[in-house]
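Participant: What would the 3D arrangement of this be:
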Amino acid sequence: MVGGAERLLQSVSERLVERGHEVSVVTFDCATQLDFWSSKPAGLPRRETINGVQVIRLPTAPGRLQHMFEWWLQRRGGWRTAGWIVGMDDWALIGPSGINMLLPIATLRADVVTAINWCYPAMYWACLPRTLRRVPRVGVPIFHVECDWVSSPHYDRMLRNCDASIVSTEAERDFVRARGGRSVAIAGAGADPARFEQRDGARIRKQYGIGTRPVVGFVGRQDKLKGAATLIEAMRIVWRDRPNVVLLMAGQSAHRDAAVSRELDALSDCDRAKLVLIDDFADADGPSIIDACDMVAMPSVEESFGIVFVEAWMCGKPVIGGDIASTRCVIDRGVDGWTATPFDPKDLARKILDLLDDPDKRAWFGERGREKALSRYTWERVTDVWETTLTAAAGA
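Facilitator: Reported below is the predicted structural model:
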């Protein structure tokens, strides 16, 4: 189930292995978000080694340990005694069984354990109280600080249970510190410059019959919070003045939500002809897809960083993000991109038209962004922060 957090973990893990460390990833047998909330496995290998990283995939269905825990909750005093572990509600039991992770983590004999992407309650089980574990914990919460889910009081407890935290931006750092996090390091996210050396946007333009028309691109999960529906509405405004502009949307078809599908279905035949959908593309095509765009617009309100912005800059493209705290830490407005008011298609359309009307500004924004990405947001620099933080936690 590959998204930004998963790409972050894979990129850093493989580089830690290259530096001589041993890395094991305990995850779930999921290929899409739909699998994550299903009791049926996706059918991926239970164990495999990918570029030196040991991957252990667990079933999402409850296992023996969870059944025992739920049995205990039904006993007299069960909730009171279990509250010491999970608090006084069943939040940590929602979704895939995080209890399934306890035994694999315990048997790995690790020097330090991380828990990444806390929007899933299963991660609670990797951040148990110190008295219930033998090795240090480093939290990588990937908090979307503008979203309601981060207000859960369980995160305060999880942060206190961690010996250190790795975050994406200054906004997330301040949020984590305010909730009791300690030893907070800002790593951000990145890209591999070598991956973009062979990009070929001309091939993508030829393949989809785009030609030389201007292209506004969106690459990622196509749902309302990521701004996909807002972008489609904004393009209706753009097309009134610039009918030759193409909207290119690339991502996993399984991650296109109903709201976005309705917006696409509501397009007229004329506007539909200006849309290019690239579903389920090969990872190797990612740089070329971005290179085919004149700008990348992802007005998301659900971000901890936004890897696609760095990837666009690697291609020398300007970006437009949502005007939220985390994105303002990444995009320098008026220097390498713009931010648009959340859920405001008119403001987003103005920012798109501003860049469409000024090729010199697009080139300037793209070049400034590329300089920033190469100096601050490569996977090697991100791995440096992870390695330092993990080593310190293990030593402590």
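Participant: Stretch 304-319: end-to-end distance?
Facilitator: From its first residue to its last, stretch 304-319 covers 16 Å (CA to CA, to the nearest Å).
Participant: Over that stretch, what's the mean pLDDT, rounded is fine.
Facilitator: Across stretch 304-319, the average pLDDT comes to 97.
Participant: Helices along the stretch 151-300 of the chain, start to end?
Facilitator: Using DSSP state H, counting those that start in this stretch, the helices of the stretch 151-300 of the chain run over 154-161, 170-178, 201-207, 228-241, 258-265, 269-272, 286-291.
Participant: hey, which of those helices is tucked in deepest?
Facilitator: Most buried of those, by mean neighbour count (mean count of other CB atoms under 10 Å): helix 286-291, with a mean of 22. Using the backbone N, CA and C atoms, a C-beta is placed for each residue, glycine as well.
Participant: As JSON lines, the helices of the stretch 151-300 of the chain with distance to V17 and mean pLDDT would be great.
Facilitator: Below are the helices of the stretch 151-300 of the chain laid out as JSON lines (distance: least, CB to CB, whole Å; pLDDT from 0 to 100):
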{"stretch": "helix 154-161", "distance to V17": "27", "mean pLDDT": "93"}
{"stretch": "helix 170-178", "distance to V17": "26", "mean pLDDT": "97"}
{"stretch": "helix 201-207", "distance to V17": "32", "mean pLDDT": "98"}
{"stretch": "helix 228-241", "distance to V17": "35", "mean pLDDT": "97"}
{"stretch": "helix 258-265", "distance to V17": "37", "mean pLDDT": "93"}
{"stretch": "helix 269-272", "distance to V17": "46", "mean pLDDT": "96"}
{"stretch": "helix 286-291", "distance to V17": "22", "mean pLDDT": "98"}
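Participant: With distance to P214 as extra columns, can I get those helices in a markdown table?
Facilitator: Listed next are the helices of the stretch 151-300 of the chain as a markdown table, based on distance: least, CB to CB, whole Å:
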| stretch | distance to P214 |
| --- | --- |
| helix 154-161 | 43 |
| helix 170-178 | 32 |
| helix 201-207 | 11 |
| helix 228-241 | 10 |
| helix 258-265 | 20 |
| helix 269-272 | 15 |
| helix 286-291 | 14 |
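Participant: Nearest to M1, out of these?
Facilitator: helix 286-291 (16.9 Å; CB to CB).
Participant: what about the nearest residue to A110 once chain neighbours are set aside, how many neighbours?
Facilitator: Using CB to CB, 6 or more residues apart in numbering and skipping residues adjacent in sequence, the residue nearest A110 is V135, 5.7 Å away. Number of residues near V135 (other CB atoms under 10 Å) recorded here: 15.
Participant: that older thread, out of the helices of the stretch 151-300 of the chain, the one nearest G395 is which?
Facilitator: helix 154-161 (18.7 Å).
Participant: What is that closest one packed up against?
Facilitator: Judged by 3 or more CB pairs under 8 Å, 6 or more residues apart in numbering; DSSP states H and E, the packing partners of helix 154-161 are strand 137-140.
Participant: what does the strand it packs on contact?
Facilitator: Residues outside strand 137-140 that contact it (CB atoms under 8 Å, 6 or more residues apart in numbering) are 5, 9, 112-118, 126-127, 158-159, 161-167, 181, 389-390, 393.
Participant: May I have the strands that pair with that strand, each with its orientation?
Facilitator: Sheet pairing of strand 137-140 (DSSP bridges) gives strand 113-116 (parallel), strand 164-167 (parallel).
Participant: With respect to D285, which of these lies nearest?
Facilitator: Per CB to CB, nearest to D285 of these: strand 113-116, 26.0 Å.
Participant: Flag the shaky bits of this protein, pLDDT-wise.
Facilitator: Counting by pLDDT under 70, the chain contains low-confidence ranges at 79, 82-89.
Participant: 50 - rerun?
Facilitator: Along the chain, segments meeting pLDDT under 50 are nowhere present.
Participant: got the phi/psi numbers for the most far-flung residue of it relative to its centre?
Facilitator: The C-alpha centroid of the chain is most remote from R76, which lies 41.6 Å away (CA atoms, centre = their mean). When read as degrees, to the nearest 10, the backbone of R76 gives phi -60, psi 130.
Participant: Please identify the deepest-packed of the strands paired with strand 137-140.
Facilitator: strand 164-167 (a mean of 27).
Participant: Tell me how far it lies from the chain's centre.
Facilitator: 16 Å (CA atoms, centre = their mean, to the nearest Å).
Participant: what residues does it touch?
Facilitator: Contacts of strand 164-167 (CB under 8 Å, 6+ apart): 114, 136, 138-141, 143, 159, 173, 176, 181-187, 304, 385-386, 389, 392-393.
Participant: next one: stretch 197-205
Facilitator: Contacts of stretch 197-205 (CB under 8 Å, 6+ apart): 210-212, 215, 278, 285, 287-293, 315.
Participant: Can you tell me which of those is closest to L58?
Facilitator: Distances from L58 to the contacts of stretch 197-205, taken by CB to CB, are shortest for D285, at 30.3 Å.
Participant: quick one on the thing from earlier: my read is that the residue nearest to A110 contacts T114, right?
Facilitator: No - if you go by CB atoms under 8 Å, V135 and T114 don't touch, sitting 10.9 Å apart.
Participant: Good, we can wrap up now.
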